[in-house]
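Participant: Starting from these lines, generate the structure:
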Amino acid sequence: MMEREIVKIALLQDKARASVAEAADVTESLIAEAAANGAKIICTQELFLTEYFCWKQDPAFFDLAHPVPSGLTDRFRGIAAKHAVVLILSLFEFRAPGLYHNTAAVIDADGSFLGKYRKMHIPQDPGFEEKFYFAPGDLGFRAFDTKYGRIGVIVCWDQWYPESARLTALQGAKIIFCPTAIGGIAGEGAELAALQRDAWLNVQRGHAVANGCYYAAVNRVGIEHGTRFWGSSFVCDFYGNHMTLGSEEECAILYAECDFRAMEEHRRMWPFFRDRRIDAYENLTRRFND
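Facilitator: Okay, the predicted model is just below:
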């Protein structure tokens with residue numbers, strides 16, 4: 001597949017909406033706007049159709065899940081084809097009775113369903129009760145050939161693990177997208193939240209540097225059930241420099257142009273993949289090296 005050397009991407013930083021129907025309608029309009037502004041690959045925030053329901057354990061929230069693919073993804077397949085854009089949609093996947101995943105669906109610019117990535121690392125913290133809802137992903141770390149280049153997806157808690165970005169990059173991803181829902185819990189205070197936000201930004205910038213690729217994180221904004229989501233969606237280049245950085249409070253569409261030729265030239269100068277000591281990493285598969 002012949003890919004473009006420069007691809008414009010868009011991140012949809014939004015807030016919780018009143019219903020799934022409203023969230024889908026708003027997202028459709030945002031996609032149309034981003035496409036009109038030249039974006040070719042567009043990514044939503046984590047679980048963009050709903051509030052961040054993992055704030056508590058409630059079996060009723062399982063009713064928010066959909067099969068992937070389904071009629072819902074069919075709607076967005078039509079939207080992708082209409083605007084000739086690649087879409088990355090972060091969804092709550094119903095797989096079987098009692099079995100659910102936090103899943104990203106990838107749709108190509110002709111509307112074809114390319115596949116899905118299931119979130120591998122599942123957190124369990126106050127205000128982030130995800131182990132109650134999601135089984136760990138079982139599809140591995142993946143990359144997808146789209147009309148505009150080979151991309152990879154990880155989801156939220158995956159972002160803290162260098163292995164997630166590394167294995168996605170080793171699949172050939174030139175841009176790693178990370179839909180997320182992260183913020184500060186009111187009871188922990190603003191100072192701690194600011195430190196955590198900095199750590200969140202810094203660790204992901206490091207993934208871009210270590211893998212010589214572009215990295216795009218998409219967060220939500222707003223206050224939901226005591227959590228202030230801190231937005232700050234961003235794209236960074238292979239030096240870890242922010243190409244765009246969103247507000248901590250405002251909904252926005254963020255754009256960046258990713259130059260694959262420049263990325264190739266950079267990797268020739270800093271050939272991290274060439275110099276990896278794959279003969280010495282076997283202990284990475286252990287929980288801890290006592």
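
Participant: So which other helices or strands are in contact with the helix or strand in which residue 261 is found?
Facilitator: Element membership for residue 261, per DSSP states H and E: helix 260-269. Under the contact definition 3 or more C-beta pairs under 8 Å, 6 or more residues apart in numbering; DSSP states H and E, helix 260-269 sits against strand 6-13. Heads up, the C-betas are built off the backbone N, CA and C, glycines and all.

Participant: how many degrees apart are the next helix or strand after the strand it packs on and strand 6-13 in direction?
Facilitator: Next helix or strand after strand 6-13 toward the C-terminus (DSSP H and E): helix 20-36. Orientation of helix 20-36 against strand 6-13 (axes from the mean of the first three to the mean of the last three C-alpha atoms, to 10 degrees) gives an angle of 150 degrees.

Participant: Mind listing what's buried along helix 20-36?
Facilitator: 23-24, 26-28, 30-31, 34-35 (16 or more other C-beta atoms under 10 Å).

Participant: what does that helix contact?
Facilitator: Around helix 20-36, the neighbours that count as contacts under C-beta atoms under 8 Å, 6 or more residues apart in numbering are 10, 12, 14, 16-17, 42, 44, 48-50, 64, 72, 75-76, 79, 83-85, 87, 253, 255.

Participant: Go ahead and build a ChimeraX selection from the buried members of those residues.
Facilitator: Typed into ChimeraX, the line below selects the buried ones among these, using 16+ other C-beta under 10 Å:
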select :10,12,14,16,17,42,44,48,49,50,64,72,76,79,83,85,87,253,255
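
Participant: sorry, back to before: what's in contact with the helix holding residue 261?
Facilitator: Under the criterion C-beta under 8 Å, 6+ apart, residues 3-7, 149, 174, 212-214, 238-239, 273 lie in contact with helix 260-269.

Participant: Please, a PyMOL command that selects the buried ones among the residues you listed?
Facilitator: To isolate the buried ones among these in PyMOL, judged by 16+ other C-beta under 10 Å, type:
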select buried, resi 7+149+174+212+213+214+238
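
Participant: Point out the least confident one among the contacts of helix 260-269.
Facilitator: pLDDT across these is lowest for residue 3, at 51.

Participant: hang on, residue 221 packs against residue 250?
Facilitator: Yes: at 6.5 Å, residue 221 counts as touching residue 250 under the criterion of C-beta atoms under 8 Å.

Participant: which intervals of this protein have sub-threshold pLDDT?
Facilitator: For the chain, the stretches with pLDDT under 70 are 1-4.

Participant: where do the helices sit along it?
Facilitator: Assigned by DSSP state H, the helices in the chain fall at 20-36, 71-83, 162-169, 190-211, 260-269.

Participant: Show me the one of those helices that comes nearest residue 279.
Facilitator: Proximity to residue 279 (C-beta to C-beta) singles out helix 162-169 among those, at 16.3 Å.

Participant: what angle separates the closest one from helix 190-211?
Facilitator: Taking the same axes, to 10 degrees, one finds helix 162-169 and helix 190-211 inclined to each other by 40 degrees.

Participant: list the buried ones in helix 162-169?
Facilitator: For helix 162-169, burial by neighbour count (16+ other C-beta under 10 Å) applies to 164-169.

Participant: Report all helices and strands that it contacts.
Facilitator: Under the contact criterion of 3+ C-beta pairs under 8 Å, 6+ apart, helix 162-169 touches strand 149-153, strand 175-179, helix 190-211.

Participant: which one of these has the most crowded surroundings?
Facilitator: Highest mean neighbour count among the helices and strands packed on helix 162-169 (mean count of other C-beta atoms under 10 Å): strand 175-179, with a mean of 29.
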